[in-house]
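A.B. asks: Sequence first, predicted model second:
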Amino acid sequence: MSESVSALGGASHEGFVRAEDMGLRAMITLRGDLASAKLRKAVKGATGLDMPEQRRIAVADDRSVAWMSPDELLILGPYSEAGTLRETLEKGLAGEHALVADVSDARALLRVSGGTGVREVIAKLCPVDMAAEAFGPGQFRRTRMAQIPAAIWMPDEQSVQVICFRSVAEYAFNLLRNAAAPGSETGLFI
Amino acid sequence: MLILTCPCCGVTAEETEFHGGGEAHIKRYGPGSSDDEFHGYLFEKVNPKGVHFERWRHANGCGKWFHAARCTVTLEVFGTYSAQTTEPPQDIKDKISAKRPGWSWREFA
């Protein structure tokens, strides 16, 4: 097997907040009937997490389950466990009308961190209300980041994680880097 | 700016997060239909000033299709509703009637 590398090789940039490539992460797309007890049990069995509510993300240790759409979840875990996660889910969903796909190498995971300025960086790029009352930790939002689709969530008040397609990872990183350029702070959310 | 709420995932966002899909509630004519019917289905779209029904897709979000009832003059959105219907639900019609009394659109009023 060849050695897997992330899209940007761990690149990082210091602006008024820090933008960085988070490296490789296991990402499994699961499509099916999210109300099904069997599917919920399979997700719980593979991740230890309960089904997140609409537009939310459930996080525990190194695993997360994100609500992508009314019939889709994204399951995140350590990159080395991608195969195991997929197999566990497939086993748990045997006989169920559902799809499990390993998309780890099709996506990139970026992070902006280092202060409340992260809200402003995202607000400059996405049509999302980033005020603390409207968006915060626990929520998961798929949206548009400049010209590309992206999904964002806040692990805590000081950081935002961004998932985008791997093919546009460099574009996404440059967007974040530019939006975090020193001197461009607006102080909107402070 | 046109602001829509996706009825599938509940997100409210401006139109750049969505993609317009043209006129809603089009009756499709395929094999076996007359030339006039097929021509009407393909080409005869309405372009009203005022109340309009459209299909939209939450392209940069949950990816689902839905219907929107809106005013083409003011960009006011009367409501969005499921794509799995052949006519606007009564509550959407009532909302439009409250704001645009006497409205009509194709065979709906």
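C.D. replies: Perfect, I can see it now.
A.B. asks: need the residues of chain A near chain B, please.
C.D. replies: A:54-55, A:68-70, A:72, A:127-128, A:141-144, A:149 (CB under 8 Å from any CB of the partner chain). In this view, the C-beta of every residue, glycine as well, is placed from N, C-alpha and C.
A.B. asks: can you pull the pLDDT of the residue nearest the centre of chain A?
C.D. replies: Taking CA atoms, centre = their mean, the centroid of chain A lies closest to residue A:163, which sits 4.4 Å from it. Residue A:163 carries a pLDDT value of 97.
A.B. asks: how about it, what does it touch?
C.D. replies: Counting by CB atoms under 8 Å, 6 or more residues apart in numbering or on different chains, residue A:163 touches A:27, A:74, A:107, A:108, A:109, A:110, A:150, A:151, A:152.
A.B. asks: Which neighbouring elements make contact with the top strand by length along chain A?
C.D. replies: Scanning chain A for the strand with the most residues, using DSSP state E, yields strand A:148-156. Under the contact definition 3 or more CB pairs under 8 Å, 6 or more residues apart in numbering or on different chains; DSSP states H and E, strand A:148-156 sits against strand A:63-69, strand A:140-145, strand A:159-165, helix A:169-179.
A.B. asks: Now do the end-to-end distance for stretch A:116-130.
C.D. replies: Taking CA to CA, to the nearest Å, stretch A:116-130 runs 11 Å from one end to the other.
A.B. asks: what about the chain, any weak spots by pLDDT?
C.D. replies: Because you didn't say which chain, this covers chain A. Scanning chain A for pLDDT under 70 picks out the ranges A:1.
A.B. asks: Quick check: the gap between the closest residue to residue A:10 other than its chain neighbours and residue A:126.
C.D. replies: Once flanking residues are discounted, residue A:10 sits nearest to residue A:21: 5.3 Å by CB to CB, 6 or more residues apart in numbering or on different chains. Noted for residue A:21: a distance of 19 Å to residue A:126, by CB to CB, to the nearest Å.
A.B. asks: who has more neighbours, those two?
C.D. replies: Set residue A:21 next to residue A:126 and count neighbours by other CB atoms under 10 Å in any protein chain shown: residue A:126 wins out with 24 against 21.
A.B. asks: picking that back up, mind checking which of the residues of chain A next to chain B are buried?
C.D. replies: Among the residues of chain A next to chain B, those classed as buried by 16 or more other CB atoms under 10 Å in any protein chain shown are A:55, A:68, A:69, A:72, A:127, A:128, A:141, A:142, A:143, A:144, A:149.
A.B. asks: Could you tell me which residues of chain B lie near chain A?
C.D. replies: Contact residues, chain B versus chain A (CB under 8 Å from any CB): B:8-11, B:13-14, B:16-17, B:59-64.
A.B. asks: ok, now with 6 Å
C.D. replies: Proximity of chain B to chain A (CB under 6 Å from any CB of the partner chain) is limited to residues B:8, B:13, B:14, B:16, B:17, B:60, B:61, B:62, B:63.
A.B. asks: And the buried ones among these, selectable in PyMOL?
C.D. replies: Filtering those down to the buried ones (16+ other CB under 10 Å) takes a single PyMOL command:
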select buried, chain B and resi 8+13+17+60+61+62+63
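A.B. asks: Turn the residues of chain B next to chain A into a markdown table, including pLDDT and secondary structure.
C.D. replies: A markdown table is the format used below for these (pLDDT from 0 to 100; DSSP: H, G, I helix; E, B strand; the rest coil):
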| residue | pLDDT | secondary structure |
| --- | --- | --- |
| B:8 | 96 | coil |
| B:13 | 94 | strand |
| B:14 | 93 | strand |
| B:16 | 95 | helix |
| B:17 | 96 | helix |
| B:60 | 96 | coil |
| B:61 | 95 | coil |
| B:62 | 96 | coil |
| B:63 | 96 | coil |
